[in-house]
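Q: what follows is a predicted protein model with its sequence.
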Amino acid sequence: MSRLKSIGLLMLMALAGAISMCLLTLYSPSINARFFAQWTPLARPPDKAIRVIVTVKGLWVRTQSGQVYGYDFVDGTSCQEDCWKAASVYPKVSKSYLPLDMCGPIPVFSNGLDSVAVCRPYGVGGLLSVYAIGQDGNIYVSESHGPSDTDPSLCFSPVVGAIVGLLIGFFILPGNEQSSGTVEQG
């Protein structure tokens, strides 16, 4: 194998390794976030919830009785008691702050009555908040940081992949080749 072909093979293996690691780093968390999301129950509304409403000012639910309740978030933590306050005015539904695809895939909540996903700015990336109503009328939330967050593995995985590709390339290259010239016998 000529020297040029050997260099080309090594470059190809490095490129293949870098692309493979980049794809693995980008899509593995997306698959995990979509199918293995953690759902945290919030305090139960006074009546069975049937619709989720997310506004700029917070989380609301409409119940079977038609009453709308707003959830009282306390310093970014989950409220423990007397969390739902009756609303006198129906809240205006707001659009997502950022495009949902910026925050990654929306996790699956099986057998839910209703759900709403919102992508909010978080650092240099996005925070995906998904609110869902279970069959029992409880409200569940799943939050995850989108793949656009600065993650060191996004920067270093292609380098690691390129190194692994180079190493594989060295192993598959044929050993020392004999020259094709004639050999004199004496």
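A: Now that the structure is in, tell me what you want to look at.
Q: buried stuff in stretch 6-13?
A: Of all the residues in stretch 6-13, those buried under the rule 16 or more other CB atoms under 10 Å are 10, 13. C-betas here are computed from N, CA, C, even on glycine.
Q: now do it, average pLDDT.
A: On average, the pLDDT along stretch 6-13 is 81.
Q: what do you get for stretch 93-112?
A: Stretch 93-112 comes out at a mean pLDDT of 75.
Q: offset the numbering so it begins at 7, please.
A: Noted, 7 is the first residue going forward, which turns the last one into stretch 99-118.
Q: measure it end to end?
A: With CA to CA, to the nearest Å as the measure, stretch 99-118 spans 20 Å from end to end.
Q: what are the phi and psi values at residue 169?
A: Dihedral angles phi and psi of residue 169 (degrees, to the nearest 10) take the values phi -60, psi -40.
Q: correct me, but it touches residue 23?
A: Yes. Assessed by CB atoms under 8 Å, residue 169 is found in contact with residue 23 at 7.3 Å.
Q: of these two, who's got more company?
A: residue 23 (23 against 14; other CB atoms under 10 Å).
Q: any idea of the pLDDT on that one?
A: 80.
Q: please apply the same query to residue 39.
A: Value for residue 39, per-residue pLDDT: 54.
Q: what do you get for residue 51?
A: For residue 51, the predicted pLDDT is 88.
Q: please apply the same query to the one 10 residues further on.
A: At residue 61 the predicted local confidence, pLDDT, stands at 73.
Q: how about the one 10 residues further on?
A: The per-residue pLDDT reported for residue 71 equals 91.
Q: which residues does it contact?
A: residue 53 (CB atoms under 8 Å, 6 or more residues apart in numbering).
Q: tell me the secondary structure at it.
A: Look at residue 71: counting by DSSP: H, G, I helix; E, B strand; the rest coil, its state is coil.
Q: residue 46 is in contact with residue 147, correct?
A: Yes. Between residue 147 and residue 46 there is a contact under CB under 8 Å: 5.4 Å.
Q: what about these two, which has more around it?
A: Taking other CB under 10 Å, residue 147 and residue 46 do not tie; residue 147 has more neighbours (17 against 10).
Q: that one bridge partners, please.
A: Beta bridges link residue 147 to residue 46, residue 137, judged by DSSP bridges.
Q: so what's it up against?
A: Counted by CB under 8 Å, 6+ apart, residue 147 has contacts 45-46, 48, 135-138.
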